[in-house]
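Participant: everything below, folded, please.
(4 chains)
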Number of protein chains: 2
Amino acid sequence: MPTTGPAPQRKMRADARRNYERLLAAAKTAFAEHGVEASLEEIARQAGVANGTLYSHFPTRQALLEELLRDRMQALSETARDLLDHPSADEALTGWARAAMAHATAYRGLATSLMRSIQDETSRLHAACQAVLAGGQRILDRARAAAVVRGDVTAEDVYALINAAAWAGEQTSPEQAERLLSFGLEGMRPPAGG
Amino acid sequence: MPTTGPAPQRKMRADARRNYERLLAAAKTAFAEHGVEASLEEIARQAGVANGTLYSHFPTRQALLEELLRDRMQALSETARDLLDHPSADEALTGWARAAMAHATAYRGLATSLMRSIQDETSRLHAACQAVLAGGQRILDRARAAAVVRGDVTAEDVYALINAAAWAGEQTSPEQAERLLSFGLEGMRPPAGG
DNA sequence: AAATATATTGAGACAGTCTCAACTTAGCAA
DNA sequence: TTGCTAAGTTGAGACTGTCTCAATATATTT
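Facilitator: This is a model prediction of the structure:
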């Protein structure tokens, strides 16, 4: 049995499965409305279960977040794979960065979680973030090979830029996030005369 | 009498003044150690007063932060003024950005507060942040005039970049903050062929 | 219709924010 | 020096929130 089990494992009792789904739905709404720091108590209330039930299904806030993000993150990995075939290594990178930033913007406070999770190996979200980073790495390697990005730019730099821009966007506006991302990516290009 | 009174107003009773100073000192330590979200209860405890006393002196966390940052922010304004005389408009901008980022790094979580405060006019920190922004504006205007920065770059962009980089640094490393700031500033330069 | 493995419950321990009526005390004036 | 009073302090109490776990309930199996 894998440590990071995917969605509801089979063999769940019917009532358990129902509560699990309700909790997930309530969490989705709450996170969308109040950000990832939404009250877990309130989520349990909305789902119509006692808070102990929430904790038994999702021992941590991140476990809840992990479930809610699973599909999206998988999609992001596929996007990365697809973009490797894009005719322009340059557009592949900017396109991927934009997609990743859109993902980091799904809930308020998410960028912070994603940034923390890539650092913290014990985080429930760590593996998923690593996968995203790996996807970025391949896109970046190609861009570097095509000399559309400076040689000293790391995947961590790109990951940090994406989340930092998403974070700034949370505090101000999506347009600001977009601008910051553009400036950052622009600044990663090789010096003109090169 | 100004609405935003500076440090301890005169006419304070001796015990009040003593407690005020103790609270400030305790807050400084706590913020340095645990970030700007440090427990106010704990700060009162460390200062040796009841928490009601803390709230009577500093109605909000931001009021406390405002006091602790006052000197630093003033210094930043002076730095901005000095840099207007710097021979290189380019170096003036990067130098100012670095100074501002160092400031935003004083306590964990501070970048978030600074970013929120520039948006929120009701914030205790708003005026101070506005002053910083205004300082940046002048430095930026000069850099634009010297054509070392693109014409469409705003002071808000620079402010956001500084805080976003500081934020990223909190989650990872000071070096990462530095790199992000560099990329961003680099991306703000006019296109080479211009 | 038990038996039992699986889930759910909600009180309770804890930490934090913030308020306010009751109390204490510094500083002044007689 | 002695009171008086404005100024300041106190800490219990009303909240909200996290997280745990013994008691209880229920879905499934036999």
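
Participant: helix, strand or coil for the closest residue to A:Asp157 other than its chain neighbours?
Facilitator: Here the nearest residue to A:Asp157 in space, its sequence neighbours aside, is B:Arg179; by CB to CB, 6 or more residues apart in numbering or on different chains that works out to 5.8 Å. Where C-beta positions appear, they are placed from N, C-alpha and C, glycine not excepted. Secondary structure state of B:Arg179, per DSSP: H, G, I helix; E, B strand; the rest coil, is helix.

Participant: does B:Arg179 touch A:Tyr159 like I think?
Facilitator: No - using CB atoms under 8 Å, B:Arg179 is not in contact with A:Tyr159, being 11.8 Å away.

Participant: and the residue nearest to A:Asp157, how close does it get to A:Asp85?
Facilitator: 30 Å (CB to CB, to the nearest Å).

Participant: the longest helix anywhere in chain A and DNA strand D, any residue contact?
Facilitator: For chain A, the longest helix by residue count, based on DSSP state H, is helix A:61-83. Yes - Helix A:61-83 reaches DNA strand D (CB under 7 Å from any atom of the strand) through A:Arg61.

Participant: show me what secondary structure element comes after that helix.
Facilitator: helix A:89-104 (DSSP states H and E).

Participant: what residues sit buried inside the helix or strand following that next one?
Facilitator: Sequence-wise, the next helix or strand downstream of helix A:89-104 (DSSP H and E) is helix A:110-119. Neighbour counts over helix A:110-119 (16 or more other CB atoms under 10 Å in any protein chain shown) mark A:Leu110, A:Ala111, A:Thr112, A:Ser113, A:Leu114, A:Met115, A:Arg116, A:Ser117, A:Ile118 as buried.

Participant: equivalent analysis for stretch A:23-31, please.
Facilitator: Neighbour counts over stretch A:23-31 (16+ other CB under 10 Å) mark A:Leu23, A:Leu24, A:Ala26, A:Ala27, A:Lys28, A:Ala30, A:Phe31 as buried.

Participant: the longest helix of chain A versus helix A:89-104: what angle between them?
Facilitator: Going by axes from the mean of the first three to the mean of the last three CA atoms, to 10 degrees, helix A:61-83 is angled at 160 degrees with respect to helix A:89-104.

Participant: relative to helix A:110-119, how tilted is helix A:61-83?
Facilitator: Using the same axes, to 10 degrees, helix A:61-83 lies at 90 degrees relative to helix A:110-119.

Participant: what is the mean pLDDT for helix A:61-83?
Facilitator: The pLDDT scores in helix A:61-83 average 96.

Participant: neighbour-wise, which of B:Arg179 and A:Asp85 wins?
Facilitator: B:Arg179 (25 against 7; other CB atoms under 10 Å in any protein chain shown).

Participant: how near is that one to DNA strand D?
Facilitator: Remark: distance between B:Arg179 and DNA strand D (CB to the nearest atom of the strand, to the nearest Å) = 33 Å.

Participant: got a pLDDT number for that residue?
Facilitator: On the pLDDT scale, B:Arg179 gets 98.

Participant: take the buried residues of stretch A:23-31 and keep only those in strands.
Facilitator: Among these, no residue falls in strands (DSSP state E).

Participant: of those, which belong to helices?
Facilitator: Those of the buried residues of stretch A:23-31 mapping onto helices are A:Leu23, A:Leu24, A:Ala26, A:Ala27, A:Lys28, A:Ala30, A:Phe31, per DSSP H.

Participant: against A:Ala92, how distant is A:Arg72?
Facilitator: For A:Arg72, the distance to A:Ala92 equals 20 Å [CB to CB].

Participant: those two: which has the busier surroundings?
Facilitator: Legend: neighbour count by other CB under 10 Å for A:Arg72 and A:Ala92, higher for A:Ala92 (24 against 12).

Participant: show the pLDDT at the more buried one.
Facilitator: Model confidence at A:Ala92 (pLDDT) stands at 98.

Participant: you'd agree it is up against A:Ala143?
Facilitator: Yes - between A:Ala92 and A:Ala143 there is a contact under CB under 8 Å: 7.0 Å.

Participant: picking up where we left off before, just the buried residues of the longest helix of chain A, please?
Facilitator: Result for helix A:61-83 [16+ other CB under 10 Å]: buried residues A:61-62, A:64-69, A:73, A:76, A:79-80, A:83.

Participant: so which residues make contact with it?
Facilitator: A:4, A:6-7, A:23-24, A:27-28, A:31, A:36, A:40, A:43, A:58, A:92, A:95-96, A:99-100, A:103, A:106, A:110, A:113, A:117, A:123-125, A:128, A:131-132, A:135-136, A:138-139 (CB atoms under 8 Å, 6 or more residues apart in numbering or on different chains).

Participant: let's see it at 6 Å
Facilitator: A:24, A:27-28, A:58, A:92, A:95-96, A:99, A:103, A:124-125, A:128, A:131-132, A:135, A:139 (CB atoms under 6 Å, 6 or more residues apart in numbering or on different chains).

Participant: which SS state does the residue sitting furthest away from the middle of chain A fall under?
Facilitator: Going by CA atoms, centre = their mean, the residue of chain A most distant from its centre is A:Gly193, 36.0 Å out. Classification of A:Gly193 using three-state DSSP returns coil.

Participant: against B:His86, how distant is the residue nearest to A:Asp157?
Facilitator: Separation of B:Arg179 from B:His86 (CB to CB) stands at 23 Å.

Participant: do stretch A:29-41 and DNA strand D meet at all?
Facilitator: Yes - judged by CB under 7 Å from any atom of the strand, stretch A:29-41 comes into contact with DNA strand D at A:Ser39, A:Leu40, A:Glu41.

Participant: for that stretch, give the mean pLDDT please.
Facilitator: 98.

Participant: now that stretch, how far from the centre of its chain.
Facilitator: 16 Å (CA atoms, centre = their mean, to the nearest Å).
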